[in-house]
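Asks: coords please:
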Amino acid sequence: MGIDIEKVRADTPGSAGVVHLNNAGASLPPRPVTDSVFAHLELEATIGGYEAAERNATAIARFYGAVAELIGAVPEEIAYVENATRAWDMAFYGIPFERGDRILTTTSEYASNAIAYHQIAAARGVSVEVVPDDEHGQISLEALATELARGGVRLVAINHIPTHNGLINPAAAVGRLAREAGALYLLDACQSVGQLAVDVREIGCDMLSATGRKFLRGPRGTGFLYVRRDVIQILEPPFLDLQSAEWITPETYEVHDDARRFETWERFVAGQVGLGVAADYTAAIGIEAIEERVTGLAALLRGELAARPGIRLLDRGERRSGVVTFTVEGHDSMAVKLAMRERGVNVSATDGAHQRFDPHAVPSAVRASVHYYNTEDELDRLLAALP
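Replies: This next block holds a predicted model:
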């Protein structure tokens, strides 16, 4: 069955006032998500924060099951973290790197992740190596297999969907190669969870990080980390508190044996409630239907843009996502973004300084990212707003 677009737009108050095509930045949340967040905040204001957490314990705990069900995991493999970067950090900095270890990544790697690689390379004596693209512009599986065969790879870490172009990396194929080579596999799914069907068992990743604010349509300031059950014990959290470990005697403590070892006790509790509601909302619509609509709208937009003089499409990949990037001849991309905002159309602009590994990077591009609640009429309004 298809998506009831009128219903989901009725659930999305912001869609009545703006053409929101910046979902790769932050989506418009549906009313059930914002209602759940506001309700918990109101409860905190009325009876107190600790007391509200006790009263709303079922909704808070639902987050673990909701996210696990959405990505094919179990609740014990899910940690609630304040954002995707911190989730990724908790996994990456928990890996026991040794001198001589190799990290393999992709040309489209995200800036924050790349900076972390270089920090660990300097501190631990590991090497950071960028696997070249294939003819489609995504990570080359042939080159990856060759590098894995050379040995010494401790970690393969890639993004599922880059922040600055429309490709979808072949995550499951990467997972098979990493598993065969005995390397850990960390997948940055910041842009994929909520717009694509993501199954961690099928992908074969050991760790996966994601955010609430993008295609999952959850609150800002929320994210989660998945760690495969039999990998959890391998990772040493970079810092601990009374949520991640138990103080046993004055001199000893024990780290929890599930993914909550990567959490901290203090958190945005209302956000955790809202993120669980967002995951359930996504599942109720159906992630396969969402993926079909998002990729279909993006393909339609690319076709319309390709037919316009002066537009240069930048998206690569054998499979393409809901992220559409392009330049407008003779116009600065940031200026295009601001001009379109004045006409009620939200897009974003990429920054080439965040793409140091990518030989195809441009200084800046316009990024329009569609979601299932967007309409064909809204795509027409974007096209009409272009200079």
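Asks: so Ile47 sits right up against Arg55, yeah?
Replies: Yes - judged on CB atoms under 8 Å, Ile47 makes contact with Arg55 at a distance of 7.1 Å. Glycine gets a C-beta too; all of them are placed from N, C-alpha and C.
Asks: helices or strands up against the helix or strand encompassing Arg293?
Replies: Here Arg293 sits within helix 287-306, counting by DSSP states H and E. Where contact means 3 or more CB pairs under 8 Å, 6 or more residues apart in numbering; DSSP states H and E, helix 287-306 is packed against strand 311-313, strand 323-328, helix 376-385.
Asks: Okay, strands next: where are they in the stretch 1-150 of the chain?
Replies: 19-20, 78-81, 102-106, 127-131 (DSSP state E, counting those that start in this stretch).
Asks: Next, format the ones you listed as a markdown table and append mean neighbour count and mean pLDDT.
Replies: Listed next are the strands of the stretch 1-150 of the chain as a markdown table, based on neighbours: other CB atoms under 10 Å; pLDDT from 0 to 100:
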| stretch | mean neighbour count | mean pLDDT |
| --- | --- | --- |
| strand 19-20 | 22 | 98 |
| strand 78-81 | 27 | 98 |
| strand 102-106 | 24 | 98 |
| strand 127-131 | 18 | 98 |
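Asks: And the ones you listed: which comes nearest Arg302?
Replies: For the strands of the stretch 1-150 of the chain, the distance to Arg302 is smallest for strand 19-20, at 17.3 Å, taking CB to CB.
Asks: in its sheet, what does that closest one sit against?
Replies: The sheet places strand 19-20 alongside strand 345-346 (parallel), with pairing taken from DSSP bridges.
Asks: what's the helix or strand for Gly274?
Replies: Per DSSP H and E: helix 269-285 holds Gly274.
Asks: Show me the contact partners of that helix.
Replies: 3, 8, 29-30, 32-34, 36-38, 40-41, 44, 49, 52-53, 56, 59-60, 62-67, 69-70, 80, 194, 212, 216-222, 224, 290, 372 (CB atoms under 8 Å, 6 or more residues apart in numbering).
Asks: what about 7 Å?
Replies: 3, 8, 30, 32-33, 36-37, 40-41, 53, 56, 59-60, 62-63, 66-67, 69-70, 80, 194, 212, 216-219, 221-222, 290 (CB atoms under 7 Å, 6 or more residues apart in numbering).
Asks: May I see the ChimeraX selection of the buried members of those residues?
Replies: Those of these that count as buried under 16 or more other CB atoms under 10 Å are selected in ChimeraX with:
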select :8,30,32,33,36,37,40,41,53,56,59,60,62,63,66,67,70,80,194,212,216,217,218,219,221,222,290
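Asks: Now, the contacts of helix 269-285 that are in helices?
Replies: 8, 32-33, 36-37, 40-41, 53, 59-60, 62-63, 66-67, 69-70, 290 (DSSP state H).
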